[in-house]
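A structural model of the following input is requested.
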Amino acid sequence: MNKLQALLLLLWHFASTMLISAWTTSRTILVSSDAPRRGFAHFAYDDLNDAGVVLLAAMVTLTPGTSTVDIDPERRELLLHVLDSEDIETQLSAIRRDFLLPIRSLFGVRS
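Numbering: from 1, shown residues only. I've put the predicted structure just below:
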């Protein structure tokens, strides 16, 4: 994947994720009679360089329902707070697929 394709894919995924997450989060907060199961998750970003890590953390935080709490450069992972931890593995897979892979294509890996 070249950098232009990665950028366009990242922008598309970010915009669509923002809309879907905003709808889902709003529905969870306003309509659901059950309180969401909030929780924390560790997300490994492996060999992503520093600029890519910061962009990834910002994009995750800007997506409704998730927030980056901490970046651990030694363990190479983000600590995420999620509004609904019911299906956390699906959420982490989506972040990996929609954000991490295009960001890795844009910024490369740590040297």
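
contacts and neighbour counts: CA atoms only from here.
Noted.

how would you label the residue of the chain positioned farthest from its centre: helix, strand or coil?
Farthest-out residue of the chain from its mean C-alpha position, per Cα atoms, centre = their mean: Ser33, at 26.4 Å. The local conformation at Ser33, judged by DSSP: H, G, I helix; E, B strand; the rest coil, is coil.

Following the top helix by length along the chain in sequence, what is the next regular element?
The single longest helix within the chain, with elements called by DSSP state H, is helix 3-30. Downstream of helix 3-30, the next assigned helix or strand under DSSP states H and E is strand 39-44.

Counting by contacts, list what that next one packs against.
Here strand 39-44 touches strand 77-82, going by 3 or more Cα pairs under 8 Å, 6 or more residues apart in numbering; DSSP states H and E.

gap between the two ends of stretch 63-83?
One end of stretch 63-83 to the other measures 11 Å (Cα to Cα, to the nearest Å).

Ok, stretch 33-44 next?
33 Å.

gap between that stretch and the chain center?
Its chain's C-alpha centre and that of stretch 33-44 lie 13 Å apart, by Cα atoms, centre = their mean, to the nearest Å.

buried sites along it?
Within stretch 33-44, the residues that count as buried by 16 or more other Cα atoms under 10 Å are Phe40, Ala41, His42, Phe43, Ala44.

What separation is there between the nearest residue to the first one once chain neighbours are set aside and Ala57?
Spelled out, that is Phe40. Leaving out its chain neighbours, the residue that sits closest to Phe40 by Cα to Cα, 6 or more residues apart in numbering is His81, at 4.6 Å. Relative to Ala57, His81 is positioned 12 Å away (criterion: Cα to Cα).

do the same with Trp23
For Trp23 relative to Ala57 (Cα to Cα), the value is 21 Å.

Between those two, point out the one with more neighbours.
More crowded of Trp23 and Ala57, by other Cα atoms under 10 Å: Ala57, with 19 against 12.

The more buried one reaches Leu79, doesn't it?
No - Ala57 is beyond contact range of Leu79, at 9.4 Å (criterion: Cα atoms under 8 Å).
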